[in-house]
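# coordinates only, sequence not included:
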């Protein structure tokens, strides 16, 4: 797995990129295959970056997936929290520098994301409004956009828009011009106590609201409090945040279709690796906090409608520093715009 010059073999000037270690590589390959199948005439490359030597199953060679070896050494290795993410979580911060001069735009995706529909070609060319990064707000601010996240509380900062770093649309030159990598390293050295969520904390502390907000369809963070809204929104990407993933859903609390997709992939490309998707898709289990989840969805219809209606289409974006009008909260009928044709009515704040 060596590539002395990333420009060798590049077919386009944009790319979908992933970063992982050998342990997570099969799940990154699953996502790469799904993206390739959904975009047969794509105008972007698909790359997986790692510092490990990765072995690509032969049958996946037809996807055009590029394996890219990052040089040894990780400036984030020291001073980081060694939990289930490990130092590999910080590799995404190094990719823009590695692809400079080859790709003008990259779409970074975590390896625990499941692509659900096409549209990446168009997303890669949207106007980022002069920002280095486009991203989706973290789900802690979906219903309460003014919520002050722990990183800001730790440093005594006021509330600011806060994004989830599992999906990042990056303008490569702007990222380098704004010295995002160098500033992340400075924050890590000066305020390690505020780096509570690894690269996500660093990027949000550095950009401090100066990023472009994308529709949540591009990073639908699938939790007990958002899973039922997903059927109305029709996400482009479903992101399995937290420790429960489809390939290790031992309690079978996720819909079987997710476990089935990973099981079929493992059977095709890793027939000897029964550990990759060991949970039987036919097994059923109740979602956690079921009664609480229904009540949470019911009570948050207004706030979620307000949030979703900030985006006219899947490709709408806005400066993250946008703030809704301040005034008395009145409740009126509203309609989700994602998708617009659903006709679902909901109560939401008006004015």
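Thanks, I have the structure now. Just so you know, these numbers come straight off a predicted model, no measurement behind them. Numbering: from 1, shown residues only.
# now the strands for the protein?
All strands of the chain, identified by DSSP state E, fall at 14-19, 45-50, 66-69, 105-109, 113-115, 133-137, 163-171, 212-214, 220-221, 237-239, 317-319, 330-335, 345-350.
# Would you format these as TSV with mean pLDDT included?
Output for the strands of the chain, formatted as TSV (pLDDT from 0 to 100):
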stretch	mean pLDDT
strand 14-19	98
strand 45-50	96
strand 66-69	94
strand 105-109	98
strand 113-115	97
strand 133-137	98
strand 163-171	98
strand 212-214	98
strand 220-221	98
strand 237-239	98
strand 317-319	96
strand 330-335	34
strand 345-350	36
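# can you redo the ones you listed as a markdown table with distance to residue 281 and mean neighbour count?
From N, CA and C alone the C-beta is placed, and that goes for glycine too. Compiled in a markdown table, the strands of the chain are given as follows (distance: least, CB to CB, whole Å; neighbours: other CB atoms under 10 Å):
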| stretch | distance to residue 281 | mean neighbour count |
| --- | --- | --- |
| strand 14-19 | 24 | 25 |
| strand 45-50 | 25 | 24 |
| strand 66-69 | 29 | 19 |
| strand 105-109 | 23 | 24 |
| strand 113-115 | 14 | 23 |
| strand 133-137 | 28 | 25 |
| strand 163-171 | 24 | 24 |
| strand 212-214 | 31 | 24 |
| strand 220-221 | 21 | 26 |
| strand 237-239 | 16 | 24 |
| strand 317-319 | 36 | 17 |
| strand 330-335 | 35 | 12 |
| strand 345-350 | 33 | 16 |
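# which stretch among those strands comes nearest residue 300?
strand 345-350 (9.9 Å; CB to CB).
# Residue 305: which of the strands of the chain is closest?
Nearest to residue 305 among the strands of the chain is strand 345-350; the distance by CB to CB comes to 4.0 Å.
# what about the helices in the stretch 1-150 of the chain?
Assigned by DSSP state H, counting those that start in this stretch, the stretch 1-150 of the chain shows helices spanning 25-38, 95-99, 120-123, 150-155.
# Mean pLDDT for those helices - can I get that in TSV?
Shown next, in TSV, are the helices of the stretch 1-150 of the chain (pLDDT from 0 to 100):
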stretch	mean pLDDT
helix 25-38	97
helix 95-99	96
helix 120-123	98
helix 150-155	96
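# Can I get these in JSON lines including mean neighbour count and distance to residue 110?
Below are those laid out as JSON lines (neighbours: other CB atoms under 10 Å; distance: least, CB to CB, whole Å):
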{"stretch": "helix 25-38", "mean neighbour count": "21", "distance to residue 110": "9"}
{"stretch": "helix 95-99", "mean neighbour count": "22", "distance to residue 110": "13"}
{"stretch": "helix 120-123", "mean neighbour count": "18", "distance to residue 110": "15"}
{"stretch": "helix 150-155", "mean neighbour count": "16", "distance to residue 110": "19"}
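# Tell me which of these sits nearest to residue 168.
Closest among the helices of the stretch 1-150 of the chain, once you apply CB to CB, is helix 95-99, at 9.4 Å.
# which strands and helices sit next to the closest one?
Contacts defined by 3 or more CB pairs under 8 Å, 6 or more residues apart in numbering; DSSP states H and E place helix 95-99 against strand 14-19, strand 45-50, strand 105-109, helix 172-177, helix 180-190.
# how far does the first one sit from the chain's center?
Same thing as strand 14-19. Relative to the chain's own centre, strand 14-19 is displaced by 12 Å; criterion: CA atoms, centre = their mean, to the nearest Å.
# Does it pack against any helices or strands, and if so which?
Counting contacts by 3+ CB pairs under 8 Å, 6+ apart, strand 14-19 packs against helix 25-38, strand 45-50, helix 95-99, strand 105-109.
# Looking at these, which is nearest to residue 59?
Residue 59 sits nearest to helix 25-38 of all those, at 9.2 Å, using CB to CB.
# So what touches the closest one?
16, 18, 20, 42, 46, 48, 50, 52, 54-57, 60, 63-65, 109, 111-115, 117-118, 120, 245, 247, 261-262, 265-266, 269-270, 273, 276 (CB atoms under 8 Å, 6 or more residues apart in numbering).
# lowest average confidence, helix or strand, in this protein?
Each helix and strand of the chain was given a mean pLDDT (mean pLDDT, DSSP states H and E); the minimum falls on strand 330-335 at a mean of 34.
# Average the pLDDT values over stretch 291-301 and round to the nearest integer.
The average pLDDT within stretch 291-301 is 91.
# Would you indicate which residues of that stretch are buried?
Neighbour counts over stretch 291-301 (16 or more other CB atoms under 10 Å) mark 293, 296, 297, 300, 301 as buried.
# likewise stretch 226-236?
For stretch 226-236, burial by neighbour count (16+ other CB under 10 Å) applies to 226, 227, 229, 230, 233, 235, 236.
# Pipe those into TSV and attach distance to residue 313 per row.
Formatted as TSV, these follow (distance: CB to CB, whole Å):
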residue	distance to residue 313
226	20
227	23
229	18
230	18
233	13
235	14
236	12
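# Nice, that's everything, thank you.
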